[in-house]
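Asker: what's the 3D shape of this:
(one chain, ligands or ions: 1)
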Amino acid sequence: MFRSGRFVAEHLDSVAPEQVQPNGVDLTLDAVFEQVSPGRIGTDGKEIGDREEIDADDGVYHLPPGGYVVRYADLIRIPEDHIGFLYPRSSLLRNSCMLDTAVWDAGYVGRGEGLLEVYHDIELEAGARIAQLVLAEADHEGTYEGSYHGENIE
Ligand SMILES: O=c1ccn([C@H]2C[C@H](O)[C@@H](COP(=O)(O)OP(=O)(O)OP(=O)(O)O)O2)c(=O)[nH]1
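Answerer: Numbering: from 1, shown residues only. Take a look at the predicted model:
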């Protein structure tokens, strides 16, 4: 069963009322990066390529077509007995952009990242809502202890 937005909000730090949706919580944009060196995924592990942070102009990112790594501002804690799924805000799709996301594991804590695909120039303001996190009840064995556990927490 998918949980309500109010339930999801209980597992994020400092959620503004406008972020809470009927079925989930909107995540906001913290930073935008451009990858500048190759990454690697092998049988023996993975390496993430270097990135350069893109400057916002008076708090607004002006993004030409391309692929960008975005970091969400919201600190997320996926509770035990749950799994998280993140979806793009439909206004992104309606503006010829897409946010690619993966599974959010039970036990994960951090400020996560996603891949923003831009097919037409777009302006995104820092702090703008760009995605929606939903939580579903799920069986699992163990909890997330991977390399991204605790990421982007100062
Ligand atoms: O769009 C997403 C989806 C998930 N995550 C977070 C939550 C998730 O629990 C964690 C790890 O994701 P995954 O298990 O897919 O990472 P991996 O590439 O398999 O790395 P590791 O082996 O370290 O887990 O990253 C994101 O930041 N963005």
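
Asker: need the residues of the protein near the ligand, please.
Answerer: Contacts of the chain with the ligand, taken as Cβ under 6 Å from any ligand atom, map to 86, 101-105, 108, 112-114, 144, 146-148. Using the backbone N, CA and C atoms, a C-beta is placed for each residue, glycine as well.

Asker: Please spell out the ChimeraX selection for the buried subset of these.
Answerer: The ChimeraX command for the buried members of the residues of the chain next to the ligand (criterion: 16 or more other Cβ atoms under 10 Å) is given here:
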select :86,101,104,105,108,112,113,114,144
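
Asker: Show me the contact partners of the helix or strand where F85 lies.
Answerer: If you go by DSSP states H and E, F85 is part of strand 82-88. The contact list for strand 82-88 (Cβ atoms under 8 Å, 6 or more residues apart in numbering) reads 3, 24, 27, 76, 78, 97-99, 101, 103-106, 108, 112, 114, 130-138, 140.

Asker: can you check stretch 48-60 too?
Answerer: Contact partners of stretch 48-60, identified using Cβ under 8 Å, 6+ apart, comprise 31-39, 61, 63, 68-69, 123-127.

Asker: One more: stretch 114-129?
Answerer: For stretch 114-129, contacts defined as Cβ under 8 Å, 6+ apart pick out 18-19, 26-32, 56, 59-70, 72-73, 86, 89, 92, 95-101, 130-131.

Asker: Would you indicate which residues of that stretch are buried?
Answerer: The neighbour-count check on stretch 114-129 (16+ other Cβ under 10 Å) flags G114, L116, E117, V118, I122, L124, A128, R129 as buried.

Asker: ok, of the contacts of stretch 48-60, which come out buried?
Answerer: Buried members of the contacts of stretch 48-60, scored by 16+ other Cβ under 10 Å, are A31, V32, F33, Q35, Y61, L63, Y68, V69, L124.

Asker: hang on, the last one is in a strand, isn't it?
Answerer: Yes: looking at L124 with DSSP: H, G, I helix; E, B strand; the rest coil, it is inside a strand.
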